[in-house]
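Peer 1: I need the structure of the sequence given here:
(chains A and B)
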Amino acid sequence: MLRVALGSRVDLSFIRKLGEMNFGLLLLLCMIAGIGCAVLYSAAGGSFDPWADRHALRFLVGLGLATAVAMIDLRTWLRWAYPIYALGFALLVLVPILGVVGMGARRWIDLGPITIQPSEIMKIGLILALARFFHGRALDEIWKIRWLMIPIAMIVLPVGLVMKQPDLGTAMLLMAGGGIVFLLSGVKLWKFAVAIVGAAAVVPVAWGLMHDYQRQRVLTFLDPDADPLGAGYHILQSKIALGSGGILGKGFLQGTQSHLNFLPEKQTDFAFTSWAEETGLLGALVLLGLFLLLFAYGHAISLRSRSQFGRILAGGINGLIFLYVFINTAMVTGLVPVVGVPMPLISYGGTAMLTLMFGIGLMMSVWIHRDVTIPRHAGGLGG
Amino acid sequence: MDRREDDRQRLLNRRTMLLGGLQAGAFGLLAGRMYWLQVVQSEQYATLAEDNRINLRLLSPPRGRVLDRFGVELAGNRQNYRVLVVPEQTRNLGATLDRLAQIIAIDDGTRARIRRDVERQRRFLPVLVAENLTWDEFAAVNLQSPDLPGIQLDVGEIRDYPFGDMFAHVVGYVGAVSEKDLTGDPMLALPGFRVGRNGVERIHDLALRGKAGSSQVEINAFGRIVRELNRKEGQPGADVVLTIDAALQKYATERVGTESASVVVMDVHSGDVLSLVSGPGFDPNVFNVGITPSHWRRLNNDKHKPLINKPVSGTYPPGSTFKMIVAMAGIEAGVVTPDFHVYCPGHMQFGNNTFHCWKKGGHGGMNCLSALEQSCDVFFYEVSRRIGIDRIADMSHRFGLGKPTGIDLPNEKAGIVPSRAWKKAARGEPWYDGETLSVGIGQGYVNATPLQLAVMTARMANGGYAVVPRVVRPNGETDSGGDLRTAAQRGFASIGVSAKALAQAVEGMRLVTSGGRGTARAVQIKEPGWQIAGKTGTSQVRRITKQERLTGLRKEEDIPWEHRDHALFVCFAPVEKPRYACCVVVEHGGGGSKVAAPIASDVLRECQRLDPAGRPGRDQVVDRRPGGA
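Peer 2: Okay, the predicted model is just below:
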């Protein structure tokens, strides 16, 4: 009976797959994106134009994308894991040659009708590739440093390219996201300790390689009050907006700091601040609570999956979204430097939304194909 | 499912739990941070948020005007058409300025300053590009403004002196606020605020400034005003009414022409200064617009010293204009009596020195009146020798010499009235009697400002009352009718000089202009009832050498300007019932009778024609100088 039941979820028809989609997860996403629309509506001074309406549209497009991604068999994703990584890597290499400069950094490639940001592809590609790699490794292999060289190279190479763009935020996300995959895959904990100590030792070297504006951000983070009208302006204004919001907030559409433009980037990086100013600590905790539920869902999907690839993939995507939320919140509350990481589903921005929904799609694919078992060497050599 | 796969999955389960725990911990940290910001420190941030949102702006009050005694505007405010640029609104500052330069002149220095200002402040704050544009220029920029991104037009107020240099020294000028002017009054920090730098603008600066109003505005982070919450109107600066008569000032200024000269005309009973001319003048408008360094150097290095207010800041040996003081001191001392005569052979021997009279052949027998009439030096050598320096000093002090008159103008000099005590204090040396003789003819250590000499003359003319000169009318109102009270009726104290002594001095001065041998008989006013009484003076700038005295080769035209004598003339009118006193000093002008007296006579003639003291209000429209308006 059980076998039949399990087997029945291995090769599903398209309609069955649609029915298997995780509607609880989708409901959560809709609630969070709804808050996002409300924030953007308020940020525009009580208007759907120019952000809230487009944000909603993008979310719907993202839902379509996630559904499409979820329909694709997990084994197909396993097969495509390395090619997607390779594509992302190749585009990253091409950025310095073909890239378009925007906001002081070269991050985009213009492909005529659309511009793409290879570092976004790499976020998904890296998780996929690492999941596939660790899927194919036995525990005793994972415990050997020799075998870890390959995934470390898989992380370091794109991180190096992204750093050069320069995009400190994405580089950190890639590194931390990779680290989470390592953690889930069972790499010995002492190795993380060594890596952290090693990273600390690398700080002086990294400082030397940083761009002036990146150094300024770090310095500003360390003492934002020193130059309140200069680089520390963003952090200080964000803290003022949050603090003045109090427990219950100033009321929807009543946020003085964001409406009077004291709050910088109120529709993108600092959207959370805008929300917390207007709805106070209560609203902020509600939003963070919704995200916590999302992560719990992600972990449930991960634990329920029968394939190591699916488990690592779902856990990795889950970890990546967590990193977005954590870094963004920590950034606007002055816990970490301003690195330009948006709040998922809240901040206005098309590329980040599509990346996120693609990741959600992968998580749902893991859920739909949770009973699919994949042999350790299914992917062939190195897989 | 093999055992190793099982291990791997169990490890992943544990690691997922660990990760979940870490995530929960991280969210706990975030929640704690939010609690800290939004609950614990909320009040503090709420205050900061208010500060962010509400900005108190000061409203600059219009500066008070300076008017002449009949209400003619000598200093006012006119609209200042300015062009500003907001850096954040311009795509390319250089290109915008290039396009603007096709309409109005922008030189390289201005460009450098704009660039400096742009770098110094936040990019949404406007930077001044050009000001004092003509209406045509302003309109042209306005017309082109769609093609000039970031360019803003603005109409401010700027100080205006419609008469140009005519009142430069009395009215003074305003300038930008400097570091040392800052008293903590936030009004001083307003862009474009001006403070009085000289003259009445400086002395009465606080009254002229007024009180700043304020406007509480809600602003956004770009500093743009969203709306006004509260407005408190300021108090415009008070007008200052001068005692000067613009019509007389205009006449006197033009009469002096290009000479380095002082003209002071005052009412002998009220002390009102009716005209105060310091030549050459300068245009005070250049100071509030911002004087160029080369222009400043030119004004400063000019040997005619246009920036010095000569009537109050210039000190000159009074020369023979001092002789009335010596005569009166002699009368009070009982030395000069109606029978007192001195024979003038053209020189006088004292110790080892020979003191010369200006007239080489000598004047012969002289009494007090003839000595004043002909300005005999030997007579006054003898009188001063007999009475001594301290009696002369005492008389000088009573006529206002040797200390500032107390006029309400800056940089007034005290002059010097030498005495034994003065020399001990100033030089640490005893007084030598020979020095008394030099002082007796207004040379040597003694010196005075033209204003002091005018006050001295006024006190003789008004019967010995201590009038104090003033340039600002005390009640702040224009003159609406002749206030002809005498000095005594106005409460001025007597200076305690006997009527006998004063009468001799006045009669001597009358003879100077009316006597058959008077040194200034050529300048007497013809109109009946307007006659003047005066005294010429010629003060040496450089000692006459023995060589020159022997050869007689000392023609004014032959020596350099800086070495020529100062020409002085003090006078009052009308002789019968004095009302106006006048002092003219022409630096390096030569002889007092030749150069200074004609000017003084003409000025007093015009003064009596205009009769500012007796005139009932404003009946004279003063033409503004061409280009001044």
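Peer 1: now stretch B:94-107: how far from the chain's centre is it?
Peer 2: 38 Å (Cα atoms, centre = their mean, to the nearest Å).
Peer 1: may I see the buried residues of that stretch?
Peer 2: B:96-97, B:100, B:103-104, B:106 (16 or more other Cβ atoms under 10 Å in any protein chain shown). Just so you know, the C-beta spots here come from the backbone N, C-alpha and C atoms, and that holds for glycine as well.
Peer 1: same deal with stretch A:352-363?
Peer 2: Buried positions in stretch A:352-363, judged by neighbour count with 16+ other Cβ under 10 Å: A:352-363.
Peer 1: returning to that earlier point: just the ones in helices from the buried residues of stretch B:94-107, please.
Peer 2: B:96-97, B:100 (DSSP state H).
Peer 1: I'd like the buried residues of stretch A:352-363 as CSV, with pLDDT and secondary structure appended.
Peer 2: Shown next, in CSV, are the buried residues of stretch A:352-363 (pLDDT from 0 to 100; DSSP: H, G, I helix; E, B strand; the rest coil):
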residue, pLDDT, secondary structure
A:352, 88, helix
A:353, 92, helix
A:354, 91, helix
A:355, 93, helix
A:356, 94, helix
A:357, 95, helix
A:358, 96, helix
A:359, 96, helix
A:360, 96, helix
A:361, 96, helix
A:362, 96, helix
A:363, 96, helix
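Peer 1: of the residues you listed, closest to residue A:116?
Peer 2: residue A:354 (9.8 Å; Cβ to Cβ).
Peer 1: can I assume the closest one is in contact with residue A:62?
Peer 2: Yes: assessed by Cβ atoms under 8 Å, residue A:354 is found in contact with residue A:62 at 6.0 Å.
Peer 1: what sits against the closest residue to chain A within the stretch 251-400 of chain B?
Peer 2: Relative to chain A, the nearest point of the stretch 251-400 of chain B is residue B:290 (28.1 Å; Cβ to the nearest Cβ). Contacts for residue B:290 (Cβ atoms under 8 Å, 6 or more residues apart in numbering or on different chains) come out as residue B:176.
Peer 1: select the longest helix from chain A.
Peer 2: helix A:271-304.
Peer 1: and it, how far from the chain's centre?
Peer 2: With Cα atoms, centre = their mean, you get 14 Å for helix A:271-304.
Peer 1: right, is that helix up against chain B?
Peer 2: Yes: on the criterion Cβ under 8 Å from any Cβ of the partner chain, helix A:271-304 is in touch with chain B at A:276, A:280-281, A:284-285, A:288, A:291-292, A:295-296, A:299, A:302-303.
Peer 1: could I get the average pLDDT for the strand of greatest length in chain B?
Peer 2: Longest strand in chain B by number of residues (criterion: DSSP state E): strand B:73-85. Strand B:73-85 shows a mean pLDDT of 88.
Peer 1: please apply the same query to stretch B:576-588.
Peer 2: 95.
Peer 1: and stretch A:190-207, by the same measure?
Peer 2: What stretch A:190-207 shows for mean pLDDT is 84.
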